[in-house]
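Colleague: Curious how this folds, go ahead:
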Amino acid sequence: MTEPGMDWVGQHESLGAAADLDYGITLLRAVQSGVLTRPLVRIYRPRPTVAFGQRDVRQDGFERAWQACLDHGFEPVVRRAGGRAAAYHHGSLVVDHLEPDADAMQGFRDRFAGFGELFAQVFRDAQVPAAVGEIPGEYCAGEFSVHTPLPPLADGTPRGPVKLVGTAQRVVKGAWLFSSSIVVEHPEPIREVLVDVYRALGLDWDPGTAGAATDAVPEITVESSADRLRAAYAAAHGSLVDRSWASLVEAVPPGVRAG
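Modeller: This is a model prediction of the structure:
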């Protein structure tokens, strides 16, 4: 039986791009096996990462795309869920939400919609006019991407919307993991690496869709966004318990397959 309440864990620093992804799966197995019995949110600022999808690996230009990541100072990894290549860095937040669930496939699509609206509302609370839905030409396109329109440039040149949040989901028997990358600050490195990655993969997209929340509201920060996100979770789930990173690692060490 699932224990009441939800644990909130702030990971104090990235384990490394690949290790961060792997630890999410380790936590999922720990929830599945009963090592972790409560819903859990893990939040952290990642190192510069380009997370490729499984289809990207089969593209003729994958090796060139991999090298392009390294040339830009981004660590390339291949994730087990999600679509095409996505990039994030220290100006971003990664949020892993895990829960035990006897029928984890039930509500699969609803979770995408629900989390999308949650993140959009967090941005709207910060005066970023965010909405949920795919935008034309976006990288790692998704029906439930969170995006925001941008005001025209000073000379009146119009700008299209930019993607702020990409989401992916992994389901196993008895548990699910919903992972989200939220781009808050410093969009330029993300745009630059994705231009070269998508060129190498031979994929069409609109580089103007790669942005950050600061494109709409320059004053927003990663720290303030994390605080607003925690407040939104507390409002939605009621009992939210801060759990130390050390206690989580003691229960489920990185690199150890739980269960």
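Colleague: Nearest the geometric middle of the chain, what residue?
Modeller: Ser181 (1.8 Å; CA atoms, centre = their mean).
Colleague: That one belongs to a strand?
Modeller: Yes: assessed with DSSP: H, G, I helix; E, B strand; the rest coil, Ser181 lies in a strand.
Colleague: Surely it and Ser92 touch.
Modeller: Yes: taking contacts as CB atoms under 8 Å, Ser181 lies within contact range of Ser92: 5.9 Å. No exception for glycine: its C-beta is placed from N, CA and C like everyone else's.
Colleague: where along the stretch 1-150 of the chain do the helices fall?
Modeller: All helices of the stretch 1-150 of the chain, identified by DSSP state H, counting those that start in this stretch, fall at 17-33, 54-57, 62-71, 108-125.
Colleague: With mean neighbour count, distance to Glu250 and mean pLDDT added, can I get those helices in CSV?
Modeller: Converted to CSV, the helices of the stretch 1-150 of the chain look like this (neighbours: other CB atoms under 10 Å; distance: least, CB to CB, whole Å; pLDDT from 0 to 100):
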stretch, mean neighbour count, distance to Glu250, mean pLDDT
helix 17-33, 21, 12, 95
helix 54-57, 16, 33, 93
helix 62-71, 17, 33, 98
helix 108-125, 18, 28, 96
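Colleague: Let me have these in JSON lines, extended by distance to Val217.
Modeller: What follows is those, written out as JSON lines (distance: least, CB to CB, whole Å):
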{"stretch": "helix 17-33", "distance to Val217": "27"}
{"stretch": "helix 54-57", "distance to Val217": "32"}
{"stretch": "helix 62-71", "distance to Val217": "29"}
{"stretch": "helix 108-125", "distance to Val217": "9"}
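Colleague: Figure out which of those is closest to Arg47.
Modeller: helix 17-33 (5.5 Å; CB to CB).
Colleague: How far away from the center of its chain is the closest one?
Modeller: Helix 17-33 sits 14 Å away from the centroid of its parent chain (CA atoms, centre = their mean, to the nearest Å).
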